[in-house]
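K.L.:
dropping the sequence and predicted coords here.
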Amino acid sequence: MSGWRETGLPIFDYLVAPWPKYFELGEIVVNLIGYMPLGLVMVPALPRHWAWKRKVAVTVLFGMLFSFCMETMQNFLPTRVSSNVDLFANTFGAFLGALAGVRWGQAIFAPGRGLARWRERYIADDGLAGDIALILIVLWVFVQLTPDQLLFAGGELRRLLDIAPPLPFGPGRLIMFEAAQTASMMLAIGLFARCTLRVSGSALVVALLVLGMGARLAGSASFFVPSSPLAWLTPGVQYGFFIGVVLLFVALRLPRVAQHALAGASLLMASVLINMMPESPYFLRNINGGPVIIRRANYPNFYALCRLIAAIWPFVALAYLSGLGLWRGERLANEHSAV
């Protein structure tokens with residue numbers, strides 16, 4: 001959120017710029033794919049009595065205007081360049097997504113079908129409570145794309161507030177902290193997911209952890225140089241992963257009330273440990289004077305956003321669990337009093 005400046009150039013000149021001499025096909029594909037979900041979800045959200053051509057036209061127009069605003073704002077960011085190629089790719093992506101929405105939108109999003117039926121079957125809470133839980137889980141997977149932090153780590157306010165590590169570095173101490181933090185966070189996210197499910201859902205919890213690992217590997221391949229894609233898989237993380245698997249296996253067999261309390265305690269424990277941990281010297285942080293994780297000019301803001309979400313996620317999740325416990329307890333009390 002810093003570095004905004006006025007270039008002094010006409011901000012709409014990019015609209016009539018010629019085809020760039022140098023471009024990357026991957027960038028165009030990413031811009032196209034990035035707007036396809038917008039079209040996919042917007043078409044079924046529009047009034048059902050509209051003709052499909054009208055839905056597609058409105059969706060494409062919205063996608064184009066949204067991309068136009070984003071590209072125009074990039075005139076004021078020193079690390080970004082406004083591009084009519086990006087604008088076209090975004091608009092075309094919204095068009096393809098809209099066509100997919102016409103074909104499959106109702107099957108995926110209509111009440112009693114697709115995702116709605118899946119949610120009714122597996123998510124314990126309807127309405128806003130269930131929505132918040134799903135959003136938090138998706139955000140947790142999203143922040144795993146930052147590979148220069150511990151596996152499943154979160155709640156690190158120390159770096160956000162520029163506070164020095166409270167403990168000096170020592171190999172044994174670092175391994176102990178990494179193992180304890182990784183195990184605590186595995187237990188926390190597994191039980192958090194379990195608390196949001198209507199059924200026992202052990203397979204879904206395992207699938208979520210596998211998805212988080214997949215996001216970490218994808219982030220490593222994108223951010224790190226090829227020689228160090230597994231720099232985050234330290235000995236402490238490996239020990240913590242296996243300890244976390246054992247603890248989670250046991251905890252998933254506890255009563256739901258105990259799981260709820262243990263999820264909150266694990267979130268607190270993981271957040272304390274990540275802020276008490278000594279600084280690790282083993283991550284490769286600099287190559288030719290620059291951070292390893294930033295391989296391209298459009299990564300810094302994305303990376304900073306991931307780190308910010310990762311820092312506050314455990315505290316938001318803890319607040320959600322606390323509110324959920326109070327709401328469920330009040331609802332149960334009302335049901336008993338009615339009986």
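P.N.:
Sure thing, it's come through. Everything numeric in this text was worked out from a predicted model, so none of it was measured.

K.L.:
list the contacts of the nearest residue to Gly264 once chain neighbours are set aside.
P.N.:
Take Gly264 and drop its neighbours on the chain: the residue closest to it by CB to CB, 6 or more residues apart in numbering is Leu321, 5.1 Å away. The way it works is simple: take the backbone N, C-alpha and C, and place the C-beta from them, glycine included. Leu321 sits next to 192, 195, 260, 263-264, 267 when contact means CB atoms under 8 Å, 6 or more residues apart in numbering.

K.L.:
can you list those in TSV and add pLDDT and neighbour count?
P.N.:
Listed next are the contacts of Leu321 as TSV, based on pLDDT from 0 to 100; neighbours: other CB atoms under 10 Å:
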residue	pLDDT	neighbour count
Phe192	91	26
Cys195	85	23
His260	88	20
Ala263	92	24
Gly264	91	22
Leu267	92	26
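
K.L.:
quickly find the element holding the residue nearest to Gly264.
P.N.:
Per DSSP states H and E, Leu321 falls inside helix 300-338.

K.L.:
likewise for Leu96?
P.N.:
Using DSSP H and E, Leu96 falls in helix 84-109.

K.L.:
could I get the full set of helices for the protein?
P.N.:
Using DSSP state H, the helices of the chain run over 25-45, 52-73, 84-109, 114-122, 127-143, 157-160, 171-196, 202-223, 235-251, 256-276, 300-338.

K.L.:
spit out the contact partners of the most centrally placed residue in the chain.
P.N.:
The centroid of the chain falls nearest to Phe142 when counting by CA atoms, centre = their mean (1.9 Å). Residues in contact with Phe142 (CB under 8 Å, 6+ apart) are 215, 306, 309.

K.L.:
so who does the closest residue to the last one other than its chain neighbours touch?
P.N.:
Spatial nearest neighbour of Ile309, excluding adjacent residues (CB to CB, 6+ apart): Val143 at 5.0 Å. With contact set as CB under 8 Å, 6+ apart, Val143 has these partners: 154, 306-307, 309-310, 313.

K.L.:
so which of those is the most crowded?
P.N.:
Gly154 (28 neighbours; other CB atoms under 10 Å).

K.L.:
so what pLDDT did it get?
P.N.:
Note for Gly154: predicted pLDDT of 84.

K.L.:
my understanding was that it contacts Met185; is that so?
P.N.:
Yes. In this structure, Gly154 is within contact of Met185 by CB atoms under 8 Å, at 6.6 Å.

K.L.:
now do the shared contacts for the two.
P.N.:
Ala270.

K.L.:
low-scoring stretches of the stretch 201-339 of the chain, by residue?
P.N.:
Counting by pLDDT under 70, the stretch 201-339 of the chain has low-confidence residues at 201, 222-229, 281-301, 326-339.

K.L.:
mind doing that once more with 50?
P.N.:
Low-confidence segments of the stretch 201-339 of the chain (pLDDT under 50): 284-294, 296-297.

K.L.:
tell me which of the contacts of Phe142 is nearest to Leu252?
P.N.:
Comparing those against Leu252 with CB to CB places Ala215 closest, at 22.0 Å.

K.L.:
tell me how far the closest one lies from Ala221.
P.N.:
Here Ala215 is placed at a distance of 11 Å from Ala221 (CB to CB, to the nearest Å).

K.L.:
out of these two, which sits in the busier spot?
P.N.:
Ala215 (18 against 11).

K.L.:
could you export stretch 16-26 as CSV, CA atoms only?
P.N.:
What follows is stretch 16-26, C-alpha atoms only, in CSV (Å, rounded to 0.1, in the frame of the first residue of the first chain):
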residue,chain,number,x,y,z
VAL,A,16,-4.0,2.8,-27.9
ALA,A,17,-0.5,1.4,-27.3
PRO,A,18,0.8,-0.9,-30.1
TRP,A,19,1.4,-4.6,-29.4
PRO,A,20,4.4,-4.9,-27.1
LYS,A,21,7.7,-5.9,-28.6
TYR,A,22,8.4,-8.2,-25.6
PHE,A,23,5.7,-10.2,-23.9
GLU,A,24,5.3,-13.5,-22.1
LEU,A,25,2.6,-16.0,-23.2
GLY,A,26,2.3,-17.2,-19.6
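
K.L.:
circling back to that earlier point, need the contacts of Phe142 in a markdown table (columns: distance to Val81).
P.N.:
As requested, those are exported to a markdown table (distance: CB to CB, whole Å):
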| residue | distance to Val81 |
| --- | --- |
| Ala215 | 28 |
| Cys306 | 22 |
| Ile309 | 25 |
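
K.L.:
of the residues you listed, which is the nearest to Ser67?
P.N.:
Closest approach to Ser67 among the contacts of Phe142 (CB to CB): Cys306, at 22.3 Å.

K.L.:
gap between the closest one and Val29?
P.N.:
Cys306 is 21 Å from Val29, by CB to CB.

K.L.:
same question, Val272
P.N.:
42 Å.

K.L.:
list the buried residues for stretch 38-49?
P.N.:
Buried residues in stretch 38-49, defined by neighbour count with 16 or more other CB atoms under 10 Å: 38-40, 42-44, 46.

K.L.:
then stretch 149-165?
P.N.:
Within stretch 149-165, the residues that count as buried by 16+ other CB under 10 Å are 149-156, 158.
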